[in-house]
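> Give me the fold of what follows.
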Amino acid sequence: MVAWARGGQFANTCFMCVCVDPNALGTAKEFSQLYFASAPESLVNGYIDGREDFPKFQAQLGCQGFIIFNSKHQIVAPSTLPWMQHRDGAFRDVEGKIGQLLDAAAPQNPLNAPVGQHVRVVGLTSTAGMELNGQIGEVVGSQDTGRFLVKLTGGDKAFRPENLEDAVGAPVGRLVKVAGLTSAKGMALNGQVGKVLGGAGNGRYLVQLRETTMSLRTDNLQEVAGEEADSGESLDRVASVGHSGMDAQHDACEDALEDLYQKLSVESLLRTRQEFAEHFADEEKLLQESGFGGAADCTSCAESGSNDFSALGSHTADHKRILALADDALSRLKGVCEKSDALGGTVPKEVAVALRKAFVEHATMYDSLYEGKLEGV
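Residues are numbered from 1 along each chain as shown. Model (predicted):
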């Protein structure tokens, strides 16, 4: 949302993030620090701390789809594509729907330019261009022509990427690891490896992580060693959630994943799938019995339909997504004979990598939410 709000491609559009979990104010403050520090006024970060203020219309958590209103405050899209199933495609769906509503052209960052990066214009040789050399601006988008849009003092101008250099000396392209974040949301990011895209005007670095780009302080970034950088599949163990049973099951899942990565056999893939299924079932039962994740009773906050604002609903849906990854791979490996499978290497390496990343991503985004809150359950 920060990229959309800052990019300028959706003029006269307001973006809203409304936190609805039990500690809504605290979450909104964390989001302000972690995600919205560089957000313009067109992005509103708010919260709802009373059930009586929940929407009376059909709604859902943001990861299950955005809600789009027109200028008359009428709902024109009750739910865009859910991020949990479509990932980057979900964002393109939002951009397309807003573009249609505004009668705008295609989204104005087709090259995924590092929006927010402060750059210096260099290497222009024409008479008019030479006057721009040395000027510092901010990347606000890109064009299908292969140029980046840069906001300068005199207005937005388009430049080829080779005529732009980072203006704050950021090590563009370097792999770094997030470390030292202390907030609840920030701690979930510790250990993630990302790529530096550039530097922002506030002295932070823009870092592309697994599913998002964030603005992080340099003292919260560690350079990744050569061996670790070369083995991009290497992932940290997931952090403890403060529940001995769940921690033990996480260890079992990670052991199965490691075995799968080493052997690449259908047998090890089946074991991984079984460990996932058993863990997910036990975890969902534990969360249901504890009442965790049921921040809002949808029957009491909606007059029509059934709003799902529960963290458990999204949590369970992501479990299904991960199992579907394994099931899809298994369906494509039905013809593998046991004798050849015993030698290993029958499962594509990218399957093992995708499952490892999905598991760690899930633990970071979802399991961390109940950290230390269920030990007595």
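> Show the model's pLDDT score for the residue in the chain sticking out farthest from the centre.
Here the chain reaches farthest from its C-alpha mean at T127, the gap being 43.3 Å by CA atoms, centre = their mean. Looking at T127, its pLDDT reads 93.
> same deal with D297?
D297 carries a pLDDT score of 46 in this model.
> can you count the residues close to the closest residue to P78 other than its chain neighbours?
With CB to CB, 6 or more residues apart in numbering as the criterion, P78 has its nearest non-adjacent residue at 5.5 Å, and that residue is Q58. C-beta: built from backbone N, CA, C; applies to glycine. Other residues within reach of Q58, judged by other CB atoms under 10 Å, total 17.
> same thing with L175?
L175 has 19 neighbouring residues, counting by other CB under 10 Å.
> same deal with G62?
19.
> Begin at 41 from now on, thanks
Renumbered: residue one is now 41, and that last one reads G102.
> separation between it and C59?
Relative to C59, G102 is positioned 10 Å away (CB to CB, to the nearest Å).
> what residue ranges in the stretch 191-340 of the chain score low on pLDDT?
Scanning the stretch 191-340 of the chain for pLDDT under 70 picks out the ranges 224, 250-251, 265-276, 333-340.
> Going by residue numbers, what spans are helices in it?
224-227, 266-270, 284-303, 306-330, 338-341 (DSSP state H, counting those that start in this stretch).
> Of all these, which one is nearest Q148?
helix 224-227 (29.4 Å; CB to CB).
> just checking, what packs against the closest one?
helix 64-74 (3 or more CB pairs under 8 Å, 6 or more residues apart in numbering; DSSP states H and E).
> Would you mind giving the domain segments of this structure?
For the chain, automatic domain parsing gives the domain ranges 42-142, 158-206, 215-270, 284-410.
> Export these to a markdown table and append columns for distance to L151.
Below are those laid out as a markdown table (distance: least, CB to CB, whole Å):
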| stretch | distance to L151 |
| --- | --- |
| domain 42-142 | 12 |
| domain 158-206 | 4 |
| domain 215-270 | 12 |
| domain 284-410 | 24 |
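> Out of those domains, flag the one nearest P150.
Smallest distance to P150 across those (CB to CB): 5.3 Å, for domain 158-206.
> What about the nearest residue to E315 once chain neighbours are set aside, how many residues nearby?
Setting aside the residues directly before and after it, E315 is nearest to A296 in space (CB to CB, 6+ apart), at 4.4 Å. By other CB under 10 Å, 22 other residues sit near A296.
> Return the per-residue confidence for the residue nearest to P118.
79.
> How about E378?
Reported pLDDT for E378: 72.
> Tell me, how many residues neighbour it?
Neighbours of E378 under the rule other CB under 10 Å: 9.
> What of T165?
8.
> Just read off the phi/psi values of it.
phi -110, psi -10 (degrees, to the nearest 10).
> mind listing what's buried in stretch 141-157?
Within stretch 141-157, the residues that qualify as buried by neighbour count (16 or more other CB atoms under 10 Å) are L141, A144, P147, Q148, N149, L151, A153, P154, V155, G156, Q157.
> Isn't the first one up against K112?
Read it as L141. No. Judged on CB atoms under 8 Å, L141 makes no contact with K112 at a distance of 11.4 Å.
> State the distance from the residue nearest to P118 to S78.
32 Å.
> likewise F199?
The spacing between F199 and S78, counted by CB to CB, is 21 Å.
> Comparing these two, which shows the higher neighbour count?
A direct count of neighbours by other CB under 10 Å for F199 and S78 places F199 higher, at 21 against 18.
> how far out from the middle of the chain is stretch 236-248?
How far stretch 236-248 lies from its chain's middle: 17 Å, per CA atoms, centre = their mean, to the nearest Å.
> That one: end-to-end distance?
6 Å (CA to CA, to the nearest Å).
> give me the number of residues near Q114?
8.
> Q302 now?
By the criterion of other CB under 10 Å, Q302 has 11 neighbours.
> picking that back up, thought the residue nearest to P118 was touching G105?
No. If you go by CB under 8 Å, Q98 and G105 don't touch, sitting 10.5 Å apart.
> Need the overlap of contacts for those two.
P118, S119 (CB atoms under 8 Å, 6 or more residues apart in numbering).
> Now do the residue nearest to P118 against N203, distance only.
Taking CB to CB, one finds Q98 at 48 Å from N203.
> Select, out of the helices of the stretch 191-340 of the chain, the one closest to R214.
helix 266-270 (8.9 Å).
> Thought P150 was touching G47, still the case?
No. If you go by CB under 8 Å, G47 and P150 don't touch, sitting 11.5 Å apart.
> what is in contact with those two at once?
Where contact means CB under 8 Å, 6+ apart, no residue is in contact with each of G47 and P150.
> circling back: filter the buried residues of stretch 141-157 down to just the ones in helices.
The helices, defined by DSSP state H, take in L141 from the buried residues of stretch 141-157.
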